[in-house]
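Q: A predicted structure for the sequence below; I have some questions about it.
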Amino acid sequence: MFTLNRIIRSNIKRLIPYSSARHDFKGKADIFLDANENPIGSATATYMLNRYPDPLQTDVKRKIAQLKKTAANNIFLGNGSDEAIDILIRAFCNPGKDSILVMPPTYGMYEVAAQINDVGIKRVNLTAAFRLNLDKIIKAADSRTKLIFVCSPNNPTGTVISHNQIKTLLKKFNGIVVIDEAYIDFTDAPSTLQLLPEHPNLVILQTFSKAWGMAGLRVGMAFASKEIVDVMNKIKAPYNVGELSQKVILQALKNRNKVKKMVEIVKTERTKLEKEFAGFSFIKKVIPSEANFILIKTAHPDVLYNHLTEEGIVVRNRASSPLCEGGLRITVGAPEENKKLLSLFRNYERKTT
Ligand SMILES: Cc1ncc(COP(=O)(O)O)c(C=O)c1O
């Protein structure tokens, strides 16, 4: 059975977190002489940023909670969801002893964050149909495996893992299952947020970097039980999401229609690209995508990659990842960018056939 008490590192359990000035004082005041800020102003002409931001991002979380139909105390906000990945590993995995489990091919930061923290990595490849190999996963996880990362829609395949498989994993694994939903807005498949109330070992990651179009801002979300969120807040840097970021997110949350429109454009372009890609003889396989990128397989990925970069288009070479032989991951661009890409593909086809 899952208990948070069993998997949290004992030093984190004992930790008395840094108590920031803005955290300590809850009342109303006019003069703040508690945080060694600059009382005169900011160097920038545009923004007044001389005060530290709300360490727990209360207003932003309240709005996100409304949008996601969850409670504010089930939300952690970080400097991108990459920060949440690192914090989860630091909270639950003892360096040199514990491990995480990942399902290649998948997002590379789970492994990198584990390596930085001297945490072991167990790998169970996805099946040929890019589903979870549940039997192997359960066998591979041992009492020292604290976190399993599932990416859905998965980077770099764009494929979705079914809720049935996720529910089985949540039931059979005694550690925490992290579902990374960075690309959830591009699929009609439901979010696992609806599973949160019955699953104390579930953490869901989402981000403002993809559909919301704010990768430059660096704000990511984790949704989990209040107890897990409390642990994450305990070890984060006190002011991990800046004042400007919090303000901009509040603004963005009022523009959901714009997000919907942008997602529709990306999905239309994705369908067009998938159809066009399928017509090129040098493309052996197009993996149907539920994200904002498409994985294609080709006989000579390096040659195609170079052909594109020579003309100023960069894609991601994924050919060395398991199950991705010959694979290039191509982000769905703006309509004009996709036209250029397709014209380079036509040139390539003429040159190579
Ligand atoms: C699956 C996945 N998770 C998380 C991230 C990181 O997102 P963020 O910008 O919120 O750190 C990415 C970025 O590409 C990603 O592909």
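A: Thanks, I have it.
Q: Contacts only, for A252.
A: For A252, the contact set (CB atoms under 8 Å, 6 or more residues apart in numbering) comprises F208, W212, M214, V259. All C-beta atoms are positioned from the backbone trio N, CA, C, and that covers glycine.
Q: Closest one of those residues to the ligand?
A: Minimum distance to the ligand across the contacts of A252 is 7.0 Å, recorded for F208 (CB to the nearest ligand atom).
Q: and stretch 241-251, which residues are buried?
A: V241, G242, E243, S245, Q246, V248, I249 (16 or more other CB atoms under 10 Å).
Q: is it true that the first one touches N79?
A: Okay, so that is V241. Yes: using CB atoms under 8 Å, V241 is in contact with N79, at 6.6 Å.
Q: Find the residues that touch each one of the two.
A: V219.
Q: does stretch 212-222 come close to the ligand?
A: Yes: using CB under 6 Å from any ligand atom, stretch 212-222 reaches the ligand at A215, G220.
Q: Kindly export that stretch (C-alpha atoms) in PDB.
A: Extracted in PDB, the C-alpha atoms of stretch 212-222 (Å, rounded to 0.1, in the frame of the first residue of the first chain):
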ATOM      1  CA  TRP A 212      -0.300  28.500 -23.600                       C
ATOM      2  CA  GLY A 213       2.600  29.800 -25.700                       C
ATOM      3  CA  MET A 214       4.700  30.900 -22.700                       C
ATOM      4  CA  ALA A 215       7.800  28.800 -22.800                       C
ATOM      5  CA  GLY A 216       9.900  32.000 -22.200                       C
ATOM      6  CA  LEU A 217       8.100  32.700 -18.900                       C
ATOM      7  CA  ARG A 218       9.100  29.400 -17.200                       C
ATOM      8  CA  VAL A 219       6.000  28.400 -15.300                       C
ATOM      9  CA  GLY A 220       4.900  24.800 -14.800                       C
ATOM     10  CA  MET A 221       2.300  23.100 -12.600                       C
ATOM     11  CA  ALA A 222       2.200  20.000 -10.500                       C
END
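Q: So what touches that stretch?
A: 64, 75-84, 88, 185, 203-209, 229, 232, 241, 245, 248-249, 252, 259, 262.
Q: next one: stretch 23-42
A: So stretch 23-42 is contacted by S20, A21, R22, M48, L49, N50, R51, Y52, P55, L56, P238 (CB under 8 Å, 6+ apart).
Q: how about the contacts of A252 in CSV, adding pLDDT and neighbour count?
A: Converted to CSV, the contacts of A252 look like this (pLDDT from 0 to 100; neighbours: other CB atoms under 10 Å):
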residue, pLDDT, neighbour count
F208, 98, 25
W212, 98, 21
M214, 98, 17
V259, 98, 17
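Q: Next step: the residues you listed restricted to helices.
A: V259 (DSSP state H).
Q: Spell out which parts of the stretch 251-353 of the chain neighbour the ligand.
A: Checking the stretch 251-353 of the chain against the ligand by CB under 6 Å from any ligand atom, there are no hits.
Q: repeat for the stretch 101-250 of the chain
A: Y107, C151, N155, D180, A182, T207, S209, A215, G220.
Q: so which two of those residues are the farthest from each other?
A: The two members of those with the most space between them (CB to CB) are C151 and A215, at 17.2 Å.
Q: More neighbours: these two, which one.
A: C151 (26 against 12; other CB atoms under 10 Å).
Q: Surely that one and G108 touch.
A: No: if you go by CB under 8 Å, C151 and G108 don't touch, sitting 10.5 Å apart.
Q: I'd like the distance from I31 to the ligand, if you could.
A: Distance from I31 to the ligand, counting by CB to the nearest ligand atom, to the nearest Å: 37 Å.
Q: can you check L88 too?
A: In terms of CB to the nearest ligand atom, L88 sits 12 Å off from the ligand.
Q: isn't that residue right next to I179, touching?
A: No: using CB under 8 Å, L88 is not in contact with I179, being 11.9 Å away.
Q: Kindly export the helix or strand hosting D86 (C-alpha atoms) in CSV.
A: For D86, the element it lies in under DSSP states H and E is helix 81-92. Output of helix 81-92 as CSV, limited to C-alpha atoms (Å, rounded to 0.1, in the frame of the first residue of the first chain):
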residue,chain,number,x,y,z
SER,A,81,7.6,21.7,-14.9
ASP,A,82,11.3,20.8,-15.1
GLU,A,83,11.6,22.3,-11.6
ALA,A,84,8.8,20.0,-10.4
ILE,A,85,10.6,17.0,-11.9
ASP,A,86,13.8,17.9,-10.0
ILE,A,87,11.9,18.6,-6.7
LEU,A,88,10.0,15.3,-6.8
ILE,A,89,13.3,13.4,-7.2
ARG,A,90,14.9,15.4,-4.4
ALA,A,91,11.9,14.9,-2.1
PHE,A,92,11.5,11.1,-2.5
